[in-house]
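1. this one's sequence-less:
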Ligand SMILES: Nc1ccn([C@@H]2O[C@H](COP(=O)(O)OP(=O)(O)OP(=O)(O)O)[C@@H](O)[C@H]2O)c(=O)n1
Ligand SMILES: C[C@](O)(CO)[C@H](O)COP(=O)(O)O
């Protein structure tokens, strides 16, 4: 299985002066945690990381420090996540038939989740990890008034990995560029193209580290995991 890791963001919501994936948790950069987990998945054979060239020296240091047994390639990212994934898809080796796309910022995803997504992708063309929402969600208009309360039973919070047949997701990304579709995940492009996307039950701990409080939560979870091993 080929894995693409978008890691070319700025971390604006983190309020950090550099790419948040270089911030450390328990002594390791966020990207190292993400990479270690992806590489530990049995089904994963190849990893591509999309980053800003200014971060490449730091990324190379992280990769060499991990001593991974699987090839890891650096790919120049874009100005949006969508563009970074597009670049990653173009850089996949010829012959790559299926791909998992996983945010560098979701550093708590377990190897088991990568493997479950890889196995599920044998039975469909598109899937995402997701979990049922716990809150009651309100649809609110521009003036701050509630318009509706969707049935929570129908609502799932999207995570990554998101997995696709390579030819299909490349075609959806091309169509998205042609039509100017702007999306925050890859499944949305599949949906816009009327292609089916299956849900794989994700992990409650698979948060996207977006704000400083997420960083504190990630640290606590990783600490608990390391205590349960030792
Ligand atoms: N131009 C971009 C923007 C984002 N990403 C990646 O997409 C993932 C999800 O994005 P997000 O959490 O929003 O990261 P940032 O863009 O860094 O954060 P912010 O929006 O707060 O600036 C991250 O792993 C991020 O590095 C990317 O590869 N290329
Ligand atoms: C792909 C994603 O992580 C699914 O939850 C999310 O949509 C990324 O969104 P962001 O707006 O780039 O944070």
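-> Done, it's in. For clarity, every value in this text was computed on a predicted model and none was experimentally measured. Numbering: from 1, shown residues only. Ligands and ions are numbered 1, 2, ... in the order given.
2. rest of the way, CA atoms for contacts and neighbours
-> Noted.
3. So what's the residue count around residue 167?
-> By other C-alpha atoms under 10 Å, 14 other residues sit near residue 167.
4. hang on, isn't it packed against residue 97?
-> Yes: Residue 167 lies in contact with residue 97 (C-alpha atoms under 8 Å); the separation is 7.2 Å.
5. ok, the nearest residue to residue 51 once chain neighbours are set aside - contacts?
-> Closest residue to residue 51 apart from its sequence neighbours, by C-alpha to C-alpha, 6 or more residues apart in numbering: residue 8 at 3.9 Å. Residues near residue 8 by C-alpha atoms under 8 Å, 6 or more residues apart in numbering: 19, 50, 51, 52, 77, 78, 79, 81, 84.
6. Only whichever of those residues are buried, select them in ChimeraX.
-> This is the ChimeraX syntax for the buried subset of the contacts of residue 8, where burial follows 16 or more other C-alpha atoms under 10 Å:
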select :19,50,51,52,77,78,81,84
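7. where's the residue nearest to residue 51 relative to residue 88, distance?
-> 11 Å (C-alpha to C-alpha, to the nearest Å).
8. overlap in contacts of those two?
-> 50, 77.
9. List the buried residues for the lengthiest helix in the chain?
-> Counting residues, the longest helix found in the chain (DSSP state H) is helix 212-229. Buried residues in helix 212-229, counted by 16+ other C-alpha under 10 Å: 215, 218, 219, 222.
10. closest to residue 113 among those?
-> Taking C-alpha to C-alpha as the measure, residue 222 is the one of the buried residues of helix 212-229 closest to residue 113, at 16.0 Å.
11. shared neighbours of residue 167 and residue 97, which are they?
-> With C-alpha under 8 Å, 6+ apart, residue 167 and residue 97 have no common neighbours.
12. all helices for this structure, in order.
-> 30-40, 56-66, 81-90, 111-120, 166-179, 186-192, 212-229.
13. Show me what the longest strand anywhere in the chain is packed against.
-> When the chain is parsed with DSSP state E, its longest strand is strand 156-165. Counting contacts by 3 or more C-alpha pairs under 8 Å, 6 or more residues apart in numbering; DSSP states H and E, strand 156-165 is packed against strand 98-101, helix 111-120, strand 126-132.
14. what about the last one, distance to the chain center?
-> Right, strand 126-132. Remark: strand 126-132 is offset 11 Å from the chain centroid, using C-alpha atoms, centre = their mean, to the nearest Å.
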